[in-house]
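[1] Structure for this input, please:
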Amino acid sequence: MNWTLIFLEGAGIAVLAYVLKKRGAFKKYQRKPVLEQRIARLGRNQISYLRGSKKGPTVLLLHGFAADKEQWLEVAPLLEQADYQVVAPDLPGFGANFRDTEGVYDAAGLARQLRAFAKEADLGMFHLVGHGIGAIVAASYAYAFPVELASLTLIEPLGIAVPIDSELDRQLKAKRNPFLVGSAAAYDSLLAFVTVTPPVIPAAKKKQRAEALANDRPFYTQVWSKLMEGDRGKLLDLLLPEIKVRTLAVFGGKSRVVNPMTAKMIERRMEHNASTVVIPDCGHWIEL
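    Numbers count the residues shown, from 1 in each chain. Below you'll find the model as predicted:
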């Protein structure tokens, strides 16, 4: 795999950073980026987001389920070192945003809200990176608004049918969802589920995250239903063949959430328009 070529082509700007970080190539750049907390007003709603200080090409980073914009704090320094402007929003209803039980949380609706955010934040053309459910929203955006994207990167995308179930698939069939956190202990279990080695998080911060997820469990249950249940759960099977944006899909070789065989399914559905990478030593949250 020619990582330099991928990097220069812009299709995998985040992925190169992930891989090199895992192999220690960027240790001297492990510093906090200059990220400014901002609010974009969208009618009666808002989008809370982080924005870097660089003036180069923009990369918009969409977090996964049971996460928020801070998911990207370890990746941002690597992208900034490469002179990319980092923009990382909380998805509608997540993080510091309002949780509206009457809100629109299906993939198409979230993509439309994301486009309104991109216009309000004056992003112009940008590279779009989505992780987990963020990848579903990113793919929906690429399908609906392709001319606005320089590239698309899908990290551990949910919503693609494969012949062999992942562990998440098996748990969902047994009526268990590890992403719906109900207690601090459940958050520990989630971290163990989505990573190869659970990260060390300060006790106070971990407690805050666990309590926030548990308190808002009805909201997260609603969003999961809108994005992942029934026919909606295989949306990308329909969208991927229609996406014309240059795409890179990335998978953790030890993921318990998405079967790495999904890489082959994407290559088949997108023919010559997509490249895929499986990182052997990573779980679902490959940035941890």
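
[2] going forward, measure contacts and count neighbours with C-alpha atoms only.
    Fine.

[3] Report pLDDT for His272.
    The per-residue pLDDT reported for His272 equals 73.

[4] since we're on it, how many residues are nearby?
    11 (other Cα atoms under 10 Å).

[5] Pull the number of nearby residues for Leu78.
    Neighbour number of Leu78 under other Cα under 10 Å is 24.

[6] May I see the buried residues of whichever strand or helix holds it?
    Assigned by DSSP states H and E, Leu78 belongs to helix 76-81. For helix 76-81, a neighbour-count test (16 or more other Cα atoms under 10 Å) marks 76-80 as buried.

[7] Same question for stretch 243-253.
    243-253.

[8] one step back: any idea which of the buried residues of helix 76-81 is closest to Ala116?
    Taking Cα to Cα as the measure, Ala116 lies nearest Ala76 of the buried residues of helix 76-81, at 23.1 Å.

[9] per-residue confidence at the closest one?
    84.

[10] And Ala25, by the same measure?
    Looking at Ala25, its pLDDT reads 44.

[11] again, but for the one 10 residues further on
    At Leu35, the model reports a pLDDT of 89.

[12] Next: Tyr18.
    52.

[13] What of Lys21?
    Looking at Lys21, its pLDDT reads 54.

[14] quick revisit: filter the buried residues of stretch 243-253 down to just the ones in strands.
    Counted as lying in strands by DSSP state E, out of those, are 247-252.

[15] how about Val277, secondary structure?
    On the three-state scheme (DSSP: H, G, I helix; E, B strand; the rest coil), Val277 is labelled strand.

[16] In contact with the closest residue in space to Ala107 that isn't next to it in sequence, which residues?
    Of all residues not flanking Ala107 in the chain, Val137 sits nearest, at 5.2 Å (Cα to Cα, 6 or more residues apart in numbering). By Cα atoms under 8 Å, 6 or more residues apart in numbering, the contact list for Val137 reads 107-108, 110-111, 130.

[17] Equivalent analysis for Ile266, please.
    Contact partners of Ile266, counting by Cα under 8 Å, 6+ apart, are 240, 249, 274, 276.

[18] same question, Asn259
    Asn259 makes contacts with 162, 164-166, as judged by Cα under 8 Å, 6+ apart.

[19] that older thread, which strands and helices sit next to the helix holding Leu78?
    Applying 3 or more Cα pairs under 8 Å, 6 or more residues apart in numbering; DSSP states H and E, one finds that helix 76-81 makes contact with helix 13-22, strand 85-89.

[20] Now do the contacts for Phe179.
    So Phe179 contacts 65-66, 190 (Cα under 8 Å, 6+ apart).

[21] Adding neighbour count, distance to Thr58 and secondary structure, write the residues you listed out as a markdown table.
    Below are these laid out as a markdown table (neighbours: other Cα atoms under 10 Å; distance: Cα to Cα, whole Å; DSSP: H, G, I helix; E, B strand; the rest coil):
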| residue | neighbour count | distance to Thr58 | secondary structure |
| --- | --- | --- | --- |
| Phe65 | 17 | 23 | coil |
| Ala66 | 21 | 25 | coil |
| Leu190 | 19 | 31 | helix |
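
[22] Other residues contacting the host helix or strand of Leu236?
    Element membership for Leu236, per DSSP H and E: helix 235-239. By Cα under 8 Å, 6+ apart, the list of residues contacting helix 235-239 from outside reads 136, 139-140, 143, 159-161, 269.

[23] Quick one: which of those is the most crowded by neighbours?
    Ile136 (33 neighbours).

[24] measure it to Gln37 for me?
    25 Å (Cα to Cα, to the nearest Å).

[25] Then Gly52?
    To Gln37, Gly52 is 9 Å away according to Cα to Cα.

[26] got it, and Gln222?
    Gln222 sits at a distance of 27 Å from Gln37 (criterion: Cα to Cα).
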